[in-house]
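Trainee: Build the 3D model from these lines:
(chains A and B)
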Amino acid sequence: MTALLETRGVWQRFGGLVANSDVSISVGRGEIVGLIGPNGAGKSTLFNLIAGVLPPTQGTIWFDGEDVTKMPAAERCQRGVGRTFQVVKSFETMTVIDNVIVGALVRNTVMREARRKAHEVLEFTGLAARADVRASDLVPAEKRRLEVARALATEPKLLLLDEVLTGLTPTEAQTGVALVRKVRDAGITVLMVEHVMEIVMPLVDRAIVLDLGKVLVEGKPTEVVRDPKVISAYLGDRHAVSA
Amino acid sequence: MDKNFAARRRRDLVIAAVLAALAALAPLFVKDVYVQNILILTLMYAALSQSWNILSGYCGQISLGHALYFGIGAYTTELLFTKFGVLPWFGMLGGGVIAALIAMGLGYPFFRLRGHYFVIATIVIAEIGLLLFQNWEWAGAAMGITIPVRGDSWLKFQFMRSKLPYFYFALVLCCLAWFVTWWLEDSKWGFWWRAVKDNPEAAESLGVVVFNSKMGAAAVSAFLVAIGGAFYAQFLAYIDPESVMGFQFSLLMALPAVLGGIGTLWGPVLGAAILIPMTELTRSYIGGSGRGVDLIVYGTLIVLISLALPQGLVSLFSRAKSKGATR
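Mentor: Reported below is the predicted structural model:
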């Protein structure tokens, strides 16, 4: 069986800057994969390429056995790619339930069904009590949760999480981790960009480390964290030697 | 929660029906032609503002060029009537369709623009439209078109003896625009539009085709405004470019919605009910001196209302409600 998501030799240049160079990764069905790396490693760029915000300069992206390289974001969502944003992008003037209904409308054209689906997702993500609150009145952790809820309402096969656990208190992060597990248990593949290694590592099945736009290391989280190349990318060469 | 929601929608519908019924009875008490005139204009601007609100309020694409669609509705109707003898009812629909097509044609390049640049583009296009009509000989150029009097009839939508038929048509138009908004508000399009307004990038990631949503909003909005333009032309029985396509129409469509509550179901009606009578009354009681005192008073009132209620007049009601119920 083919991988759910695959990037083949993907390059992205912004003028003289090379954000991604020859990135080839694959994500299997049912996996939780962590995409990590220091600031400026090209994680967010790769993320946007996969979500369809912009097409890569070179290379192809395959989703569910189909070449989606040139497909716009909205269409990719219809195929089953859901995403969250690093900087939350709630529909601020709309209520929580209305935010989620927008996502649910992708697969439910009848309003009543979209509404029912949205309530279901709010239950699942633990936001049910906040359904009628305006998104602008949510606290940051709830906004993150709303991002996930909205994406889940589109019934994705692949969920792209862009730093959903970053900037949360330890307790909030733990509930976040529990939610990601629950998502995977519901049969959804997860690709997550994260900064905070100690939270992500126990959660993911596999970690891909990007550095300077290239795939540096890829493997089991326990192996990856011990890899000298990874340590030097994060902390500098001196630490890699002592490790 | 779902019950609350359904109840709120039903309540809106009931309130609208009651208000429409009360308005329909108004002519029994209002015999003064001047006041009837104000009522007709109020209803018309409520309808226009409600239509403007679809594109600019719900979908967030602020247009200050809707006078173009208003004028197109007026001109299509009168050109078809005077040149080809087509009944105004067909001209009205034709004007609506043409306006919707033009709105989409213009949307194709302009919906790539964001924020202020989009607003500027709409103003410029409407001015170009005005200039074209001022110089188009066949369409009467700056002289305009006088609608020939053929006697009072619903068939020709022409009434010289009484203003009441116009009043009832304006009422129906207002109800139609309100009902279309009400219906769209709880539809896929309504949700898509609000999502596009709040955050186009997030909307796109949730499967919303942003460009198409804007086109849809523009078409519905322009169609309804053109119907209003056709009505206005019949009501005046004479049109020239400035009197159906002037910039003031673009403003008078936007202001009631902004004042009443932009992007809300009741905002335009509420705004028009206060603004239009205020415009007319300040003009007739303190205007005419040539010093523009009426405009000063009028402008000051608008500024005061906007300062006190930045969310629009509808926020008066929602504030009272939020104390009592959950929503």
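Trainee: Tell me which residues are up against stretch A:171-190.
Mentor: A:4-5, A:27-33, A:124-126, A:141, A:144-145, A:148, A:152, A:156-159, A:161, A:164-165, A:168, A:192, A:196, A:199, A:202-203 (CB atoms under 8 Å, 6 or more residues apart in numbering or on different chains). For every residue, glycine as well, the C-beta is placed using N, CA and C.
Trainee: Show me those residues that map onto helices.
Mentor: A:F124, A:T125, A:A141, A:R144, A:R145, A:V148, A:L152, A:I199 (DSSP state H).
Trainee: who touches residue 209 in this structure?
Mentor: As the question left the chain open, I've gone with chain A. By CB under 8 Å, 6+ apart, A:V209 lies in contact with A:I36, A:G37, A:V215, A:L216, A:V217, A:E218, A:V224, A:D227, A:K229, A:V230, A:A233.
Trainee: meant chain B, my bad for not saying
Mentor: Here B:V209 is in contact with A:A74 (criterion: CB under 8 Å, 6+ apart).
Trainee: so what pLDDT did it get?
Mentor: pLDDT for B:V209: 94.
Trainee: Same check on B:T326?
Mentor: 40.
Trainee: Residue 84 - how many residues pack around it?
Mentor: No chain specified, so I'll use chain A. 27 (other CB atoms under 10 Å in any protein chain shown).
Trainee: I was after chain B.
Mentor: Neighbours of B:F84 (other CB under 10 Å): 9.
Trainee: Provide the backbone phi and psi angles at it.
Mentor: Dihedral pair for B:F84: phi -120, psi 0, per degrees, to the nearest 10.
Trainee: Next up, the contacts around it.
Mentor: For B:F84, counting by CB under 8 Å, 6+ apart, there are no contacting residues.
Trainee: cutoff 10 Å now
Mentor: By CB atoms under 10 Å, 6 or more residues apart in numbering or on different chains, the contact list for B:F84 reads B:F90, B:G91.
Trainee: related to what we said a few turns ago, narrow the ones in helices among the contacts of stretch A:171-190 to those that are buried.
Mentor: A:F124, A:T125, A:A141, A:R144, A:R145, A:V148, A:L152, A:I199 (16 or more other CB atoms under 10 Å in any protein chain shown).
Trainee: Confirm A:V87 sits in a strand?
Mentor: No - applying DSSP: H, G, I helix; E, B strand; the rest coil, one finds A:V87 to be coil, outside a strand.
Trainee: so how far is B:G85 from it?
Mentor: Note on A:V87: its distance to B:G85, by CB to CB, to the nearest Å, is 61 Å.
Trainee: same check, this time on A:G82
Mentor: From A:G82 across to B:G85, the span is 58 Å (CB to CB).
Trainee: out of the two, which sits in the busier spot?
Mentor: Taking neighbours as other CB under 10 Å, A:G82 and B:G85 compare with A:G82 leading, 29 against 7.
Trainee: With B:L13 as the reference, measure out to the more buried one.
Mentor: A:G82 sits 35 Å away from B:L13, taking CB to CB as the criterion.
Trainee: Check A:M192 too.
Mentor: From A:M192 to B:L13 the distance is 45 Å (CB to CB).
Trainee: Have a look at those two and say which one is more surrounded.
Mentor: A:M192 (22 against 14).
Trainee: contacting residues for the more buried one?
Mentor: Neighbours of A:M192 in contact, by CB under 10 Å, 6+ apart: A:32-36, A:47, A:84, A:159-165, A:180, A:200, A:203-204.
Trainee: Please name the bridge partners of it.
Mentor: Going by DSSP bridges, A:M192 is paired in beta bridges with A:G34, A:L161.
Trainee: And for residue 214, the neighbour number?
Mentor: I'll assume chain A. A:K214 has 15 nearby residues by other CB under 10 Å.
Trainee: Correction: the question concerned chain B.
Mentor: 25.
Trainee: who's in contact with the residue nearest to B:D240 when sequence neighbours are not counted?
Mentor: Computed as CB to CB, 6 or more residues apart in numbering or on different chains, the closest residue to B:D240 that is not its neighbour in sequence is B:G144, at 2.7 Å. Contact partners of B:G144, counting by CB under 10 Å, 6+ apart, are B:Y75, B:E78, B:F133, B:Q134, B:L236, B:Y238, B:I239, B:D240, B:P241, B:E242, B:S243, B:V244.
Trainee: wait, the fifth one sits on B:M44?
Mentor: This means B:L236. No - using CB atoms under 10 Å, B:L236 is not in contact with B:M44; the gap is 11.3 Å.
Trainee: and A:Q12, what element?
Mentor: In this assignment (DSSP states H and E), A:Q12 forms part of strand A:5-14.
Trainee: Strands of chain A, start to end?
Mentor: A:5-14, A:17-23, A:26-27, A:32-36, A:58-63, A:66-67, A:81-83, A:158-162, A:189-193, A:206-211, A:214-219 (DSSP state E).
Trainee: Most tightly packed of the ones you listed?
Mentor: For these, average neighbour numbers computed from mean count of other CB atoms under 10 Å in any protein chain shown are highest in strand A:81-83, which has a mean of 28.
Trainee: if you look at it, does any of it touch chain B?
Mentor: Yes - with CB under 10 Å from any CB of the partner chain as the criterion, chain B is reached by strand A:81-83 at A:V81, A:G82, A:R83.
Trainee: Just name whatever secondary elements that strand is in contact with.
Mentor: Applying 3 or more CB pairs under 10 Å, 6 or more residues apart in numbering or on different chains; DSSP states H and E, one finds that strand A:81-83 contacts helix A:43-51, helix A:73-79, helix A:140-153, strand A:158-162, strand A:189-193, helix B:200-205.
Trainee: relative to strand A:189-193, how tilted is the fourth one?
Mentor: Relative orientation of strand A:158-162 and strand A:189-193, computed by axes from the mean of the first three to the mean of the last three CA atoms, to 10 degrees: 20 degrees.
Trainee: any idea of the mean pLDDT in strand A:158-162?
Mentor: pLDDT averaged over strand A:158-162 gives 95.
Trainee: Which secondary structure elements does it sit against?
Mentor: strand A:32-36, helix A:43-51, strand A:81-83, helix A:140-153, helix A:170-185, strand A:189-193.
Trainee: Turn the contacts of A:V209 into JSON lines, including pLDDT.
Mentor: Formatted as JSON lines, those follow (pLDDT from 0 to 100):
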{"residue": "A:I36", "pLDDT": "89"}
{"residue": "A:G37", "pLDDT": "87"}
{"residue": "A:V215", "pLDDT": "92"}
{"residue": "A:L216", "pLDDT": "91"}
{"residue": "A:V217", "pLDDT": "90"}
{"residue": "A:E218", "pLDDT": "91"}
{"residue": "A:V224", "pLDDT": "87"}
{"residue": "A:D227", "pLDDT": "87"}
{"residue": "A:K229", "pLDDT": "86"}
{"residue": "A:V230", "pLDDT": "85"}
{"residue": "A:A233", "pLDDT": "82"}
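Trainee: thinking again about what came up before, so which of the residues of strand A:81-83 next to chain B comes closest to chain B?
Mentor: Nearest to chain B among the residues of strand A:81-83 next to chain B: A:R83, at 5.1 Å, using CB to the nearest CB.
Trainee: hey, what's that closest one bridged with?
Mentor: A:L160.
Trainee: Quick check, it in contact with A:A74.
Mentor: No - A:R83 lies out of contact with A:A74 (CB under 10 Å); the separation is 11.7 Å.
Trainee: Identify the contacts common to the two.
Mentor: With CB under 10 Å, 6+ apart as the test, A:R83 and A:A74 both reach A:G52, B:S205, B:L206.
Trainee: What number of residues are in the vicinity of B:R150?
Mentor: So B:R150, with other CB under 10 Å, has 11 neighbours.
Trainee: My error: substitute B:Y238 in the last question.
Mentor: Count around B:Y238 with other CB under 10 Å applied: 12.
Trainee: How about A:P170?
Mentor: 7.
Trainee: surely it meets A:A141?
Mentor: No - A:P170 lies out of contact with A:A141 (CB under 10 Å); the separation is 11.6 Å.
Trainee: how close does the residue nearest in space to the middle of chain B get to chain A?
Mentor: Residue closest to the mean C-alpha point of chain B, counted by CA atoms, centre = their mean, is B:L48 at 1.1 Å. Here B:L48 is placed at a distance of 23 Å from chain A (CB to the nearest CB, to the nearest Å).
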